[in-house]
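Peer 1: Based on what follows, work out the 3D shape:
(chains A and B)
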Number of protein chains: 2
Amino acid sequence: MIITRSANRSLLVVGSVALDDVDGPFGLHRDQLGGSASFFAAAASFFTNRVSIIAVVGNDFPDQHIEDFVGRGIDASGIERADGSTFRWVGKYDSDMVSRETLDTQLGVFGDFQPTLTADHRRAELVFLGNIDPVLQRDVLDQVTAPSLVCADTMNFWITGKRDELLRTLERVDTLLINDEEARLLADDHNLIRAAAKILRMGPHSVVIKRGDAGALLVYGGGVFAAPAMPIEDVRDPTGAGDSFAGGFMGYLAYAGNLEPDTIRTAMITGSVMASFSVEKFSLGGLRGLDREAIQQRFDAFAELIRFESISL
Amino acid sequence: MIITRSANRSLLVVGSVALDDVDGPFGLHRDQLGGSASFFAAAASFFTNRVSIIAVVGNDFPDQHIEDFVGRGIDASGIERADGSTFRWVGKYDSDMVSRETLDTQLGVFGDFQPTLTADHRRAELVFLGNIDPVLQRDVLDQVTAPSLVCADTMNFWITGKRDELLRTLERVDTLLINDEEARLLADDHNLIRAAAKILRMGPHSVVIKRGDAGALLVYGGGVFAAPAMPIEDVRDPTGAGDSFAGGFMGYLAYAGNLEPDTIRTAMITGSVMASFSVEKFSLGGLRGLDREAIQQRFDAFAELIRFESISL
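Peer 2: Next up is the predicted model:
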C-alpha cells in the first residue's frame, strides 16, 4: 500500500543499511535487517513512492532485503554492494525495554563509503541525512542541487568525537531530529527548551527532540509543538523507532507537498504513528503489512489520546 | 481571585502542611511553606471557595501561613496546632532540576496525628487523601459520610513499607494519582499501561500517572488520555508540582460539578496548568498572584501546544 497524491515529492535518505543482533527480554534475534536508512525508507514508503536510499552493503547482505525494499516501491538503486561485511550493530535491551547497551559496532564496508549520487538522486526535493559521519552527511549535501528541505539526525559519538564537523553540517540543515540525551549533550543544557533554543542558533530553523515514550517536541521560531507517544503495552524492539519517526515525518511532508507549520505538526504525528508501529515487532516487522486503514486508525487514536474540551473560566 | 460557579462542590484534603528546606542550583531556601495539603489547597482554591484542609502543625508554624490560606478563601479550621515541631522535609535538587535527594524527614507532630473531622467536614463531596500513612488515609475515609469522589496519592515509602495497609485503602479509592516510578513499584511492571491495568484491579476505577516533564497519563476503563507537560524554560522548584496537579485536577472537578470522562480530561489539563505554574517559583510562590486570565491563558497554551490538523489519507 502506498498512499500518494499529486505532491508526491522525491525523498532521498543517506544512512546505514545494517544487520543487527538484538538481544533482550524477548530473546536474541540475529542478523535482523536494521540501519537508519532501512527504517526511514520503510516508514516513508507508505506516504510516497519516490523514496531513494543511498547506502552501502557487503557481500553478506541478503538479496531478499533489497527485493523487499523494491517491493515497497523504494528506489534501491543507490544501495551499493561492496566487497566486505555489512555494517553490524549488536545491542541488548534491559528488561524495561528502554535502556540498552551497544555491545559491538562493526562499520564494515560503511567505513570507506563515499557515495556518488546519480543525476536523478541529485535532484531530490527532500533529503534526510541519517545518523552517519557529519563529513559524509556534508558530502551528500554537496551533491544535491536544490533540496527544499534537509533534515538530519546525529548521535553522541559524533557530538563528542566530531563536534566541529557536525557544527559545519548543522549550518546547512533545516531540521535536526535527535533524541533528548543528544540534544542535552549537543547544547550542554539539561533543559530541553533552552537546549533547543541553542541548537536553533547553530543553523537549523527547527529541531525535533525525540523522547521515546514521552513523545516528541518540535521547537521552531513560531513556537513549540508536543506530540504524545502512543502508550504501547507490548514493546518488542525499540531499535529503529527514531528512524521510523523520521521516515513517517518526512514521508508525510513529501506527501503533503508543503512546509506550513500546521503540515509539520501533522507530520510529527505521522512520525509518532510510524514509530509506534515500529516498536511492536522486531526489525522492520512492525512496518510490514500495514495499510492505509491501519495508519489512519492509529493517527485517529493519537487525536483521541490527547483530545480535551476547551474551557472558558 | 476565586473562580466559582453553581456546582462549587466541597473539597476536603488531608495531608501534610510542612516547612521545607529546599537546596539546589538556585541556593538553599529554608523554612519554606510546603506539604501536600498546602500545595493542593492553594491550587484548588482558584476553582472553588469550598476547600478545607485537615492537617496538623507545631508551635513553630508561622500564623502568617494560616492567614494566607484563609486569605485565599481556604477553610483552615481543620488545621490543628499541636505541641511540638511541624513536619519538616529537607531536600536537594540536582542541576537537572529533576532528580532530588531527600536529606531529612522529621514527622514532628504529624507522627501522632489522629484527625477528628467536624460534622461539616464529614459531608465533603470530594476528598483528596494526600501522601500520608494509608492507615491515616483510611481513618479519614471512615469519617466522611458520602463523598462522590475519593482521590489519593501515595509514595514509595508506603508502597514498600505498608503495602497491605495501602492495598486496603486502595480498595476504597476512586482515582489514584501517583508518579511513574511509584506506579511501576506498586504494580511491579515497568510498562506504564500494564502497570495502570494492574492498579485498576486493586480498586481504583481510574489512575493518573504523573510523569514530570513528560506529562501525565489518565488510564480508565474507557481508555487512555495523555496530558502534555508545558515545557518550562526556568524551573525553580519542582517541590509540590504533583500536589499542585492534584489540586488543579480536583479543584476543576469541584468547579465543573460532574465526573464525565470529558470533564476529567479537562481536569487533567487544569492540573497540568497548576503544576506548570508551581515549578516556576519556590514554595507556593508560583501559585501566588495568579488570576483568571493567567490560568485561562496557560490553559489555552496547552491547547495550542498539542494542536494538530486531522488528516484523511
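
Peer 1: Determine the longest helix present in chain A.
Peer 2: Longest helix in chain A by number of residues, with DSSP state H as the criterion: helix A:261-278.

Peer 1: Report the backbone C-alpha coordinates of that helix in CSV.
Peer 2: Provided in CSV are the C-alpha atoms of helix A:261-278 (Å, rounded to 0.1, in the frame of the first residue of the first chain):
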residue,chain,number,x,y,z
PRO,A,261,3.7,24.9,10.3
ASP,A,262,0.4,23.1,10.5
THR,A,263,1.6,20.5,8.0
ILE,A,264,4.8,20.0,10.0
ARG,A,265,2.7,19.5,13.2
THR,A,266,0.7,16.8,11.4
ALA,A,267,3.9,15.2,10.2
MET,A,268,5.0,15.0,13.9
ILE,A,269,2.0,12.8,14.4
THR,A,270,2.6,10.6,11.3
GLY,A,271,6.1,10.2,12.6
SER,A,272,4.8,9.2,16.0
VAL,A,273,2.4,6.8,14.3
MET,A,274,5.2,5.0,12.4
ALA,A,275,7.4,4.9,15.5
SER,A,276,4.6,3.3,17.5
PHE,A,277,4.1,0.6,14.9
SER,A,278,7.9,0.0,14.6
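
Peer 1: Excluding chain neighbours, what is closest to A:Pro25?
Peer 2: A:Ser95 (5.3 Å; C-beta to C-beta, 6 or more residues apart in numbering or on different chains). The way it works is simple: take the backbone N, C-alpha and C, and place the C-beta from them, glycine included.

Peer 1: What ranges does the stretch 51-200 of chain A have for its helices?
Peer 2: Secondary structure of the stretch 51-200 of chain A, counting by DSSP state H, counting those that start in this stretch: helices at A:63-71, A:119-122, A:134-143, A:156-161, A:163-170, A:180-187, A:192-200.

Peer 1: Arrange the ones you listed in CSV, one row each, with distance to A:Asp104 as further columns.
Peer 2: Shown next, in CSV, are the helices of the stretch 51-200 of chain A (distance: least, C-beta to C-beta, whole Å):
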stretch, distance to A:Asp104
helix A:63-71, 21
helix A:119-122, 31
helix A:134-143, 21
helix A:156-161, 14
helix A:163-170, 24
helix A:180-187, 21
helix A:192-200, 30
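
Peer 1: would JSON lines of these with mean pLDDT, mean neighbour count and distance to chain B be doable?
Peer 2: As requested, the helices of the stretch 51-200 of chain A are exported to JSON lines (pLDDT from 0 to 100; neighbours: other C-beta atoms under 10 Å in any protein chain shown; distance: least, C-beta to the nearest C-beta, whole Å):
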{"stretch": "helix A:63-71", "mean pLDDT": "97", "mean neighbour count": "14", "distance to chain B": "20"}
{"stretch": "helix A:119-122", "mean pLDDT": "98", "mean neighbour count": "14", "distance to chain B": "27"}
{"stretch": "helix A:134-143", "mean pLDDT": "97", "mean neighbour count": "19", "distance to chain B": "27"}
{"stretch": "helix A:156-161", "mean pLDDT": "95", "mean neighbour count": "15", "distance to chain B": "17"}
{"stretch": "helix A:163-170", "mean pLDDT": "98", "mean neighbour count": "17", "distance to chain B": "22"}
{"stretch": "helix A:180-187", "mean pLDDT": "97", "mean neighbour count": "21", "distance to chain B": "9"}
{"stretch": "helix A:192-200", "mean pLDDT": "97", "mean neighbour count": "20", "distance to chain B": "5"}
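
Peer 1: what's the closest of those to B:Gly223?
Peer 2: The closest of those to B:Gly223 is helix A:180-187. By C-beta to C-beta, the value is 26.9 Å.

Peer 1: which other residues reach the closest one?
Peer 2: A:154-156, A:159-160, A:166, A:178, A:190, A:192, A:194-196, A:198-199, A:202, A:207, A:209-212, A:214 (C-beta atoms under 8 Å, 6 or more residues apart in numbering or on different chains).

Peer 1: how big is the angle separating that helix from helix A:192-200?
Peer 2: Note on geometry: by axes from the mean of the first three to the mean of the last three C-alpha atoms, to 10 degrees, helix A:180-187 and helix A:192-200 are set 50 degrees apart in direction.
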